[in-house]
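Trainee: The sequence and its predicted three-dimensional model are supplied below.
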Protein chains: 2
Amino acid sequence: MTAVAFQSYPQADPRVDALVTDVIGRVADKWTMLVLEVLVEHGEVRFTQLGRLTGKISQKMLTQTVRAMERDGLIIRTVHPVVPPKVEYRLTDLGYTLAGAFCGVWTWAEANIERIEAARAAFDARVPC
Amino acid sequence: MTAVAFQSYPQADPRVDALVTDVIGRVADKWTMLVLEVLVEHGEVRFTQLGRLTGKISQKMLTQTVRAMERDGLIIRTVHPVVPPKVEYRLTDLGYTLAGAFCGVWTWAEANIERIEAARAAFDARVPC
DNA sequence: CCGTATCCTGTCGGATACTG
DNA sequence: CAGTATCCGACAGGATACGG
């Protein structure tokens, strides 16, 4: 399936490219990046605490995000057999290297917010609804 | 390897944080990154050509993506008044700096695909069903 | 406290058809 | 060639309720 427009492109290795795209898509998620940032800053963090620090994230999305990140080997989930339950999350070495890679994007966004907003305003003035 | 050494994240302004998140969300899009990569590699590219080079992207999504990127000041759209129409896209300076920032993530993904797939396989074996 | 399960709505995104 | 317009299925993701 997926017979789409623009098929057949002279790329070197479509398999590797697809995998990289997949990894990027998974990892470049909004919540993934925020969780990554929180864990870099705070080290080991509990579930609810992680939710608060991440901002307005629903419990559902937080669960999904940490689960996917654990599956990808980015974080480690530690369950303490106590009552009430205590679960802590921390980055793996792989997670730290990813955070390092994303650091560039994060600082870029911070540094260029004003330029982007200016560009948007100019565009919207140029192309009104 | 590893050796993370992360400088602590400076500010704590929720407004700025929201904006950064917004920018990240916009810019970390799958198609945005692919278009970015193609334009870095090929310089100035026409619409259909861009579609082919980007891989399996529908015309609709390509239009949306380039429009949003133009609005954000990442690319420049040049219309040549000829028949048949000829429209070319190229990166702005801002676009190039973004591509540079993403370069780290891209190479990270390439370098760690195998580790991620191994982690996923291990996780799925550990947590079946 | 740490989740899972369910419902429900908005948005994403592909397919198709048409214009300058 | 370079779009625009429209229909529509799929799914992300919030709100809520419940369980270990």
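Mentor: It's in. Numbers count the residues shown, from 1 in each chain, chains lettered A, B, ... in the order given.

Trainee: hey, let's count contacts and neighbours off CA atoms from now on
Mentor: OK.

Trainee: tell me which parts of chain A are close to DNA strand D?
Mentor: Residues of chain A lying close to DNA strand D by C-alpha under 7 Å from any atom of the strand are A:57-61, A:84-85.

Trainee: In JSON lines, list those along with pLDDT and neighbour count.
Mentor: Shown next, in JSON lines, are those (pLDDT from 0 to 100; neighbours: other C-alpha atoms under 10 Å in any protein chain shown):
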{"residue": "A:I57", "pLDDT": "91", "neighbour count": "14"}
{"residue": "A:S58", "pLDDT": "94", "neighbour count": "11"}
{"residue": "A:Q59", "pLDDT": "96", "neighbour count": "12"}
{"residue": "A:K60", "pLDDT": "96", "neighbour count": "8"}
{"residue": "A:M61", "pLDDT": "95", "neighbour count": "13"}
{"residue": "A:P84", "pLDDT": "93", "neighbour count": "7"}
{"residue": "A:P85", "pLDDT": "96", "neighbour count": "8"}
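
Trainee: Where helices are concerned, which of these count?
Mentor: When the residues of chain A next to DNA strand D are checked against helices (DSSP state H), the matches are A:59-61.

Trainee: Look up the pLDDT of A:Y96 for me, please.
Mentor: Predicted confidence (pLDDT) for A:Y96: 96.

Trainee: Just confirm it contacts A:L39, I think it does.
Mentor: No: A:Y96 lies out of contact with A:L39 (C-alpha atoms under 8 Å); the separation is 9.2 Å.

Trainee: ok, now which ones touch A:M69?
Mentor: In this structure, A:M69 makes contact with A:32, A:75, judged by C-alpha atoms under 8 Å, 6 or more residues apart in numbering or on different chains.
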